[in-house]
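1. Need coordinates for the below:
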Amino acid sequence: MIAHLQRATSTAALIPVLYGHDAPRFRLRPRLIGADYRGSHQQLPLFGDPREVLGGGVLDAPAARIGTRAPERPVWLCSVRSDPRHPDLSDAQWADVARRLVTVTGLAPEGDPDGCRWAAIRNLDRSVHIVATVVREDGSIHSTYRDAFHAQAECHRIAADLGHLVRSVPSVTTAKDYRMPTPPIAIGLEPSGSVVARGAYDDLAATLLKHAGLRETSDWYGRRHRLPTTTAPADRAAIATHAAEMLRAARYDVDLDPRLDTALPGDPADRHLLSVPDAQLLEVTDRIRGASSFGELAEALDQVLDPDGGILDRVHDMLEAASEQATDLDPEQYALSDRLGVAADFVSAAQSELGGLLDEVQRAQSHGAHTASRSATADAARATSPAVTARGVSTSTPPSAAPPQTVVPRQTGRTR
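-> Below is the predicted model of the structure:
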């Protein structure tokens, strides 16, 4: 049984957390299983839907009475989860767990009429959320110092009372068990053709890489070792394999790119075929970048957004399978399973958000074609008409004006 403490500005801010997303498939149905409103004179429910309690400010009333003396985040939230290897507790048992936790932390001790107000809410199996205010009825403020320690210690005692603790024989440890774990040294091939080794932060690993022929560089990316891009493919594979062998002989964990491992069968230059998913993703990216029209862009995006076999759909299925496999391998890894499940839900939400994107791209294509058609119609209207052409008059240049005539006075034939 594990307890996790958080703080919030108001109980109303916890409604999205306890009720889930707005989408119907993500909506939760929390229920109130126990509460203690202390000095409140309102007729409030002790069971059922907790929205009236959370949104009505019942638990926030003591903090509102003291005004500016109240802490910035007066709401205390404790989320408790039980061991998935054992049966779930009933609502009455979870309510008893909540009472024991608010008592041991000092929020609402037994027989104290001025204790803090609290409510216990369940929205998922094997868990309970305890919402309380740290402001007591007499106006004083509960000290949350070491609340996390007291809550977790009480959870341990509750699990022992329920028979959920497994008694294991302590193992014999040696000096090597106390060694600090170090991240593996990764030797990979960059798109530029350069071999780069990352993770060699101690002097011994750096010396071995230098002995293999890699040069050390240190910049804002950190300490790295690399080969020049002009190194021949056969030479860089041999150097990388030799460096990995020396590091492994010195008890380092090394992740060597398969394209640089000469110990594998076949030509290292042909190992790019092993990363087929990378090649497919790069192909789709190149098609998107090289699209010359909205139609080509829509065809490329369809491979990503297709709800039946698209890239996002496959990623969603992969994360769901990983979530199920995590608990199958180790039932205690329910936190990891939950994280993978939430990630799958986010991918599904992204699919729903991008559902109409292809329609928008196609409408953009139709809009571009309509604009081009109107432009062509306008150009045709400005062209020379056949009737004017038959008269030999061009509409592009106006007819030239006739030159002005000079008036010459007439001679009468009579002379003076």
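2. which regions of the stretch 201-350 of the chain sit below the pLDDT cut-off?
-> When residues are selected by pLDDT under 70, those of the stretch 201-350 of the chain lie in 219-221, 265-280, 282.
3. Try it again at 50.
-> Along the stretch 201-350 of the chain, the model assigns pLDDT under 50 to residues 272-275.
4. quick one: the strands in it?
-> For the stretch 201-350 of the chain, the strands defined by DSSP state E, counting those that start in this stretch cover 215-219, 222-226, 254-256.
5. quick one, which of those strands is packed in tightest?
-> Among those, ranked by average contacts under mean count of other Cβ atoms under 10 Å, first place goes to strand 254-256 (a mean of 19). For every residue, glycine as well, the C-beta is placed using N, CA and C.
6. which strands and helices sit next to it?
-> strand 185-189, helix 233-249 (3 or more Cβ pairs under 8 Å, 6 or more residues apart in numbering; DSSP states H and E).
7. Return the most buried member of those.
-> A comparison of the helices and strands packed on strand 254-256 by mean neighbour count, using mean count of other Cβ under 10 Å, puts strand 185-189 on top with a mean of 21.
8. Against which helices or strands is that strand packed?
-> Of the remaining helices and strands, those touching strand 185-189 by 3+ Cβ pairs under 8 Å, 6+ apart are strand 195-198, helix 233-249, strand 254-256.
9. can you put the ones you listed in a markdown table and add distance to P74?
-> Below are these laid out as a markdown table (distance: least, Cβ to Cβ, whole Å):
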| stretch | distance to P74 |
| --- | --- |
| strand 195-198 | 46 |
| helix 233-249 | 54 |
| strand 254-256 | 49 |
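10. Mind checking the helices and strands packed on strand 254-256 for the one nearest to V284?
-> Ranking those by proximity to V284 (Cβ to Cβ) places strand 185-189 first, at 22.0 Å.
11. quick one: the helices in the protein?
-> Taking DSSP state H, the helices of the chain run over residues 15-19, 51-55, 61-66, 91-104, 147-162, 203-212, 233-249, 276-289, 294-305, 311-329, 334-353, 357-381, 386-391.
12. Now the longest one: average pLDDT?
-> This predicted structure assigns helix 357-381 an average pLDDT of 62.
13. Check stretch 95-106 too.
-> The pLDDT scores in stretch 95-106 average 95.
14. So for L319, which of the helices and strands packed on strand 185-189 sits nearest?
-> Once the helices and strands packed on strand 185-189 are compared by Cβ to Cβ, strand 254-256 is nearest, at 23.0 Å.
15. ok so, going back, please convert the strands of the stretch 201-350 of the chain to CSV, extending it with distance to D306.
-> Converted to CSV, these look like this (distance: least, Cβ to Cβ, whole Å):
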stretch, distance to D306
strand 215-219, 42
strand 222-226, 40
strand 254-256, 33
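16. for those, which one sits closest to G356?
-> So among those, strand 254-256 is nearest, using Cβ to Cβ, at 41.4 Å.
17. ok, residues contacting that closest one?
-> Strand 254-256 has contacts (Cβ atoms under 8 Å, 6 or more residues apart in numbering) with 184-188, 240-241, 244, 247-248.
18. try it again with 10 Å
-> 183-188, 197-200, 205, 237, 240-241, 243-248, 262-264 (Cβ atoms under 10 Å, 6 or more residues apart in numbering).
19. From the chain's centroid, how far away is it?
-> How far strand 254-256 lies from its chain's middle: 28 Å, per Cα atoms, centre = their mean, to the nearest Å.
20. That strand pairs with which strands, parallel or anti?
-> Next to strand 254-256 in the sheet, as set by DSSP bridges, lie strand 185-189 (parallel).
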